[in-house]
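Q: kindly generate the corresponding structure for this input.
(chains A and B)
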2 protein chains.
Amino acid sequence: MNLESIRNAGRNLLIPVIRLLVSAGISPFTVTSLGLLLTIVASWLVWDGKYIAGVAVFIVGSILDAMDGELARRQGIESKAGAVFDSSCDRIGEIFMFAAILAGKAGAAHHELVYLVPAALGGSFMVSYVRARAEGVNLSCSVGLVTRTERLILLMMGLVISGLWDARAIVIALAILAVGTWFTAGQRMIKVFRDGREISTDGE
Amino acid sequence: MNLESIRNAGRNLLIPVIRLLVSAGISPFTVTSLGLLLTIVASWLVWDGKYIAGVAVFIVGSILDAMDGELARRQGIESKAGAVFDSSCDRIGEIFMFAAILAGKAGAAHHELVYLVPAALGGSFMVSYVRARAEGVNLSCSVGLVTRTERLILLMMGLVISGLWDARAIVIALAILAVGTWFTAGQRMIKVFRDGREISTDGE
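A: Now for the predicted structure:
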């Protein structure tokens, strides 16, 4: 997919920054935590209706979040705890951002968000959850249409257009996210059924 | 913990029903799906402010959900796919129930639910997610104060009291759930750090 090459190009652009962080001795734990902190600040800006500022901070937070894994690899301190912490911080960031959309100015102006936020938040979570739960029983499950990068891009586009035009753009972005994430969770569930139907849980 | 013995006593009570299902040749997949369907019906009743009826249906759905694992074991068809499907249906049921509280009569009457529903839904999800993600890297992580049984009991108590008194009880139950689930997710994250900090992800 084309998005994969954009992602890789983005990662390559970050290599000098990662080298700098390595030589400064900054830990991936710090980078992950700072990434989440910025996402929470971005959520607060979005809550307050400052969508463009929110997206700007959100992008910086997401860039930090894209670097932690590579940073850990280069420092030779990749750990299981780090992997779980990184994924968990991604999820916490999503909760804050969706909650801010619901509870802030966008939610006050568009009542349908009381349906769309749980649908999009729930769907986003299910995409990650089905994969994690599948990996917990040793099935791989990273297929699907709307993974985290697509979710971030959709959300950011919705926020930018909301800043330039109207919070209605967030409503539209969340509707697309809701449909896309549940579809993706379904794709992953189907893969789990294909791969794991005949394998006993006692067979490990 | 005492709750564990209640849980086991409840499971023993269900054994005759499970035997019946086995002899009728009903698959655990059907039971899990029916459990989720009933939870969705219960969510709709809760959305509509019919809390006592909602809890009644919710209890039946949860009982079905408690039987599927044992049913699969007795039929000798326990599978990885079944385990992932069962957990995923639990999460989907939670999303529907929390969304119904937010979008229905309770949410219309108590605006603070725009904060509490994402907090409680997010926290509940994090409890399950941290465990699943940890198991994905071969760490066990089932510790913690507020697991699914406690969540169900708290939620049902809030709904029953809401039916007898006022939806304010749901607000209180969700506030307790929000604090309890994030605390539990934190407990699990700490366990992951203790167990998985020194273990490289490449070491498998």
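Q: list the residues that contact the residue most central in space within chain A.
A: By C-alpha atoms, centre = their mean, the mean C-alpha position of chain A lies nearest to residue A:148, the distance being 4.3 Å. Counting by C-beta atoms under 8 Å, 6 or more residues apart in numbering or on different chains, residue A:148 makes contact with A:90, A:128. Bear in mind the C-beta positions are built from the backbone N, C-alpha and C, glycine included.
Q: and for residue A:151?
A: With contacts defined as C-beta under 8 Å, 6+ apart, residue A:151 is in contact with A:94, A:124, A:127, A:177, A:181.
Q: between these, which is closest to chain B?
A: The shortest distance between chain B and any of the contacts of residue A:151, using C-beta to the nearest C-beta, involves residue A:94 and amounts to 8.4 Å.
Q: which SS class is that closest one?
A: Following DSSP: H, G, I helix; E, B strand; the rest coil, the label given to residue A:94 is helix.
Q: can you pull the pLDDT of it?
A: We have a pLDDT of 96 for residue A:94.
Q: spatially nearest residue to residue A:22 (excluding sequence neighbours)?
A: Nearest-residue entry for residue A:22: residue A:74, 5.2 Å, with adjacent residues in sequence omitted and distances by C-beta to C-beta, 6 or more residues apart in numbering or on different chains.
Q: one more: residue A:87?
A: When the adjacent residues along the chain are set aside, residue A:87 lies closest to residue B:133, with 5.2 Å between them (C-beta to C-beta, 6+ apart).
Q: residue A:89 touches residue A:35, doesn't it?
A: Yes. In this structure, residue A:89 sits in contact with residue A:35. The criterion is C-beta atoms under 8 Å, and the distance is 6.8 Å.
Q: after the one helix or strand the residue nearest to residue A:87 maps to, next one along is what?
A: Per DSSP states H and E, residue B:133 falls inside helix B:113-136. The C-terminal neighbour of helix B:113-136 among helices and strands, as given by DSSP H and E, is helix B:148-164.
Q: OK, contacts around residue A:104?
A: Residues counted as contacts of residue A:104 (C-beta under 8 Å, 6+ apart) are A:46, A:47, A:48, A:49.
Q: which one of these is nearest residue A:21?
A: Of all these, residue A:21 sits closest to residue A:46, with 27.3 Å by C-beta to C-beta.
Q: check contacts around the closest residue to residue A:185 other than its chain neighbours.
A: The shortest distance from residue A:185 to any non-neighbouring residue, by C-beta to C-beta, 6+ apart, is to residue A:126 (3.8 Å). Residues in contact with residue A:126 (C-beta under 8 Å, 6+ apart) are A:181, A:182, A:185, B:88, B:91, B:92, B:95.
Q: out of those residues, which are inside helices?
A: Counting by DSSP state H, the part of those found in helices is A:181, A:182, A:185, B:88, B:91, B:92, B:95.
Q: number of residues surrounding the last one?
A: The one in question is residue B:95. By the criterion of other C-beta atoms under 10 Å in any protein chain shown, residue B:95 has 23 neighbours.
Q: the residue nearest to residue A:87 - how many residues pack around it?
A: Neighbours of residue B:133 (other C-beta under 10 Å): 30.
Q: buried sites along the helix or strand containing residue A:192?
A: Taking DSSP H and E as the criterion, residue A:192 maps to helix A:168-196. Counting neighbours by 16 or more other C-beta atoms under 10 Å in any protein chain shown, one finds that the buried residues in helix A:168-196 are A:169-178, A:180-182, A:184-189, A:191-193, A:195-196.
Q: residue A:119 contacts residue B:100, doesn't it?
A: No. Counting by C-beta under 8 Å, residue B:100 is not a contact partner of residue A:119; they are 11.9 Å apart.
Q: low-confidence stretches in chain A?
A: Counting by pLDDT under 70, the ranges of chain A that qualify are A:1-2, A:201-204.
Q: recalculate using a threshold of 80.
A: Flagging of chain A using pLDDT under 80 yields the residue ranges A:1-8, A:10-11, A:196, A:198-204.
Q: picking up where we left off before, which of the contacts of residue A:104 count as buried?
A: Among these, those buried by neighbour count (16+ other C-beta under 10 Å) are A:46, A:47, A:49.
Q: any idea which of those is closest to chain B?
A: residue A:47 (10.2 Å).
Q: redo the ones in helices among the contacts of residue A:126 as CSV? Include distance to residue A:82.
A: Rendered in CSV, the data for those read as follows (distance: C-beta to C-beta, whole Å):
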residue, distance to residue A:82
A:181, 26
A:182, 30
A:185, 26
B:88, 26
B:91, 25
B:92, 29
B:95, 28
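Q: which residues touch residue A:74?
A: Residue A:74 is in contact with A:18, A:19, A:22, counting by C-beta under 8 Å, 6+ apart.
Q: wait, the last one touches residue A:71, no?
A: Yes. Assessed by C-beta under 8 Å, residue A:22 is found in contact with residue A:71 at 6.6 Å.
Q: between the two, point out the one with more neighbours.
A: In this comparison of residue A:22 against residue A:71, neighbours counted by other C-beta under 10 Å, the higher total goes to residue A:71 at 25 against 14.
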